[in-house]
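Student: give me a model of this one.
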Amino acid sequence: MGNVFEAGTKMEEIRTTSDMIVHELRKKIISGALKPGTQLKNTQLAEEFGTSITPVREALSRLEKLDLAEYRPRCGWTVKGLDEDGMREVYAMRKILEVFAAEIICQSEPAKDLRELEFCCEEYRRNLESGNIEECIRVDIQFHCALVGLSGNRYAIEVMDRLRNLMRICRTFENYESNNRKSYEEHLRMVECLKARDLPGVKKCIDAHVRPCLFD
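Tutor: Take a look at the predicted model:
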C-alpha cells in the first residue's frame, strides 16, 4: 500500500501541472494561435510540456468545461470552434446578463460604486491612444465582466466568467480595430447612464453596443 502522503503529493503535482497546461493552451486558443478543429493529442502535448499523459488528460477535460475543447469519438480532442450561430448565442446571452446587471445597478440603494467601470474606461483610453489593440480587447471584455459583477448575483457572474473565453474568441473574427473608438465612447455613455440611473438609456446603449460586429 502506498504512502498516503506520497499519493497526496503526486495528486498535487498533477493538479499544478494541469493548471500550467490549461493556462498555456487557453492563451493559444483565445489568441487564435490554435485554430478551431486543431487536434490536441495527449502524447504530443505531454512531450511538449515535458510531463506524463495524466495531467494532459485532466487539462483537456477542464478546457472542455470552459467550452474551449471537445472530444469526438474516433477523432480525439480538438480545439472547439464557434460558428455563426454560436457567436450570436454568445452575444445574446451577454446582452441578457448586462441588462440584468443594469437593472440591479439602477435600482440599488445606496448607489453602486462604479469606479471599476471608470477605471476600465481610462485604461481603454490609454491603450487606444498608444495603439495597443490587444490590450483594448482585454480591457473591453473586463469592462463587461465588471458590469455583470456589479449585479452581485453569483450565478450571473459565473455564466459571464464562462463567456469571457468565448467573447475573446469572437474577437478574432471581428474587425475590432475599426470599431475600438466607437466601443470606447459607448462604454463612457453606459457609465454616464448608470450614474444617472437612467435604465432606458443604459438598455439603449447595451442594445447598440452588444452586437456581433461580424454580422453588421
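Student: contacts for stretch 196-206 next, please.
Tutor: Under the contact criterion C-beta atoms under 8 Å, 6 or more residues apart in numbering, stretch 196-206 has outside partners 95, 98-99, 102-103, 105-107, 111, 186, 189-190, 193-194. C-betas here are computed from N, CA, C, even on glycine.
Student: report the buried residues of that stretch.
Tutor: 199, 201-203, 205-206 (16 or more other C-beta atoms under 10 Å).
Student: likewise stretch 77-97?
Tutor: 77-80, 82, 87-88, 90-91, 93-95, 97.
Student: ok, those residues vs Pro36, which is closest?
Tutor: Val79 (5.3 Å; C-beta to C-beta).
Student: can you pull the contacts of that closest one?
Tutor: Contacts for Val79 (C-beta under 8 Å, 6+ apart) come out as 29, 34-38, 40, 68-69.
Student: name the residue closest to the centre of the protein, please.
Tutor: Arg164 (1.4 Å; C-alpha atoms, centre = their mean).
Student: quick check: the gap between that one and Arg115.
Tutor: 21 Å (C-beta to C-beta, to the nearest Å).
Student: circling back to that earlier point, got TSV for the buried residues of stretch 196-206, with secondary structure and pLDDT too?
Tutor: Converted to TSV, these look like this (DSSP: H, G, I helix; E, B strand; the rest coil; pLDDT from 0 to 100):
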residue	secondary structure	pLDDT
Leu199	helix	96
Gly201	helix	96
Val202	helix	96
Lys203	helix	95
Cys205	helix	93
Ile206	helix	93
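Student: identify, from those, the entry nearest to His144.
Tutor: Ile206 (9.6 Å).
Student: still on that earlier bit, the contacts of Val79 in strands, which ones?
Tutor: Ala69 (DSSP state E).
Student: got a quick ChimeraX command for the buried subset of the contacts of Val79?
Tutor: A single ChimeraX command is used to select the members of these judged buried by 16+ other C-beta under 10 Å:
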select :29,34,36,38,40,68,69
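Student: return the member of the contacts of Val79 nearest to Asp140.
Tutor: For those, the nearest to Asp140 is Ile29 (18.5 Å; C-beta to C-beta).
Student: find me the pLDDT at that closest one, would you?
Tutor: Each residue has a pLDDT score; the one for Ile29 is 84.
Student: next up, the contacts around it.
Tutor: 63, 68-69, 79, 165, 169.
Student: hmm, back to that, widest-spaced pair of the buried residues of stretch 77-97?
Tutor: Trp77 and Lys95 (31.4 Å).
Student: thinking again about what came up before, CSV for the buried residues of stretch 196-206, including distance to Ile53?
Tutor: Compiled in CSV, the buried residues of stretch 196-206 are given as follows (distance: C-beta to C-beta, whole Å):
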residue, distance to Ile53
Leu199, 53
Gly201, 54
Val202, 49
Lys203, 50
Cys205, 49
Ile206, 45
